[in-house]
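> coordinates only, sequence not included:
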């Protein structure tokens with residue numbers, strides 16, 4: 001199976017978090033690497049990144065003029081201090 005080539009660049013990431021007061025919308029601009037697969041994708045977010053991005057429930061990001069949304073199904077902090085988010089596309 002041939003994996004698609006990752007896309008790298010600066011992206012604006014809009015994300016939501018569940019709080020006691022309901023969902024809270026936030027955004028950040030970060031360097032990212034994106035690898036797409038049918039139905040899911042892996043978004044790797046590089047430093048500097050906000051302390052609370054790891055607890056995002058949903059993300060919407062714009063990269064290379066394309067806007068994509070997904071539900072966070074998995075997250076992992078990596079040894080290089082980046083964040084790996086596994087997303088189910090919507």
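Sure thing, it's come through. As the structure is a prediction and not an experimental result, all values here were calculated from the model. Numbering: from 1, shown residues only.
> run a quick neighbour tally on residue 83.
For residue 83, the tally of surrounding residues (other C-beta atoms under 10 Å) stands at 20. Yep, even glycine has a C-beta here, placed from its N, CA and C like the rest.
> could you check how far the residue positioned nearest the centre of the chain is from residue 22?
Geometric centre of the chain, nearest residue: residue 43, 4.6 Å, by C-alpha atoms, centre = their mean. For residue 43, the distance to residue 22 (C-beta to C-beta, to the nearest Å) stands at 25 Å.
> returning to what we had before: my guess is the residue nearest to the centre of the chain meets residue 87, correct?
Yes: the pair residue 43 / residue 87 is scored as a contact, 6.0 Å apart, by C-beta atoms under 8 Å.
> so what sits against both of these two?
59, 70 (C-beta atoms under 8 Å, 6 or more residues apart in numbering).
> and the helices in this protein?
For the chain, no helices are identified by DSSP state H.
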